[in-house]
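*Asks:* Compute the structure for the input listed below.
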Amino acid sequence: MELRLMSGQIRDALQAEANALLAYFERRVEPREDAADLLAETMLQAWRREQSLPDDTVEARMWLFGIARNVLANHRRGRTRRTALMDKLRRHLRDPVAPSEEEAIAVRDAVARLDPKQGELIRLVHWDGFSLAEAASILGVNASTAPRPRVGVPLEVPLADKWPVG
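*Replies:* Have a look, this model is predicted:
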């Protein structure tokens, strides 16, 4: 955002405090390169709230640093969420969740032998994570009349040779 597009009072306040705000962020974030982005976000937030800018220079400085503090807090929360998500993904990728190739082929073949709509319903619910109602909607059928996946009969028979139950 270019400062010349702002009204005089907010532009003057931001020009006066830009270096101090940048230093504030540089001392508090890693990597330091994030400081420039946080300064830009602070300027944007200040511009959006321009009508709240105090007339007094000292109060305007404090107001800008209050905005900067909130921007920094949001940045830290976002970083915490991203780190937690990356950790969760790493744990997930460490533990194999896919069946063996032999299992996958047997299940795929068994599902392929079902009525096409029932097979697709099973794939949408069990492989793609949709609820029965969502899968029915995708298939363009009423959820109450959607072919219910009867795993016991159609799938058990073709799979019984490879993986007997009990």
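
*Asks:* ranges for the helices of the chain?
*Replies:* Using DSSP state H, the helices of the chain run over 8-26, 34-48, 57-94, 101-112, 116-122, 132-139, 156-160.

*Asks:* Just want the angle from the first one to helix 57-94.
*Replies:* This points to helix 8-26. Interaxial angle, helix 8-26 versus helix 57-94 (axes from the mean of the first three to the mean of the last three C-alpha atoms, to 10 degrees): 50 degrees.

*Asks:* What residues sit buried inside helix 8-26?
*Replies:* Going by neighbour count (16 or more other C-beta atoms under 10 Å), the buried part of helix 8-26 is I10, R11, A13, L14, E17, L21, L22, Y24, F25, E26. (C-beta placed from N, C-alpha, C; glycine too.)

*Asks:* again, but for stretch 102-119
*Replies:* For stretch 102-119, burial by neighbour count (16+ other C-beta under 10 Å) applies to A106, V107, A110, V111, L114, Q118, G119.

*Asks:* Can you give me the neighbour number for the closest residue to E120 other than its chain neighbours?
*Replies:* Using C-beta to C-beta, 6 or more residues apart in numbering and skipping residues adjacent in sequence, the residue nearest E120 is L139, 6.2 Å away. Burial measure for L139: 17 neighbouring residues, criterion other C-beta atoms under 10 Å.

*Asks:* quick one: contacts for L139?
*Replies:* For L139, the contact set (C-beta atoms under 8 Å, 6 or more residues apart in numbering) comprises K117, E120, L121, L124, A146.

*Asks:* Output the buried residues of stretch 102-119 in CSV, with distance to R91 appended to each entry.
*Replies:* Converted to CSV, those look like this (distance: C-beta to C-beta, whole Å):
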residue, distance to R91
A106, 28
V107, 25
A110, 31
V111, 29
L114, 34
Q118, 34
G119, 32
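
*Asks:* Determine which two of those are furthest apart.
*Replies:* Farthest apart among the buried residues of stretch 102-119 by C-beta to C-beta are A106 and Q118. That separation is 17.6 Å.

*Asks:* follow-up on the earlier one: let me know the pLDDT of the residue nearest to E120.
*Replies:* You'll see L139 listed with a pLDDT of 86.

*Asks:* same deal with the one 4 residues further on?
*Replies:* Note for A143: predicted pLDDT of 79.

*Asks:* now V153
*Replies:* Here the pLDDT value assigned to V153 is 45.

*Asks:* And for G78?
*Replies:* G78 carries a pLDDT value of 94.
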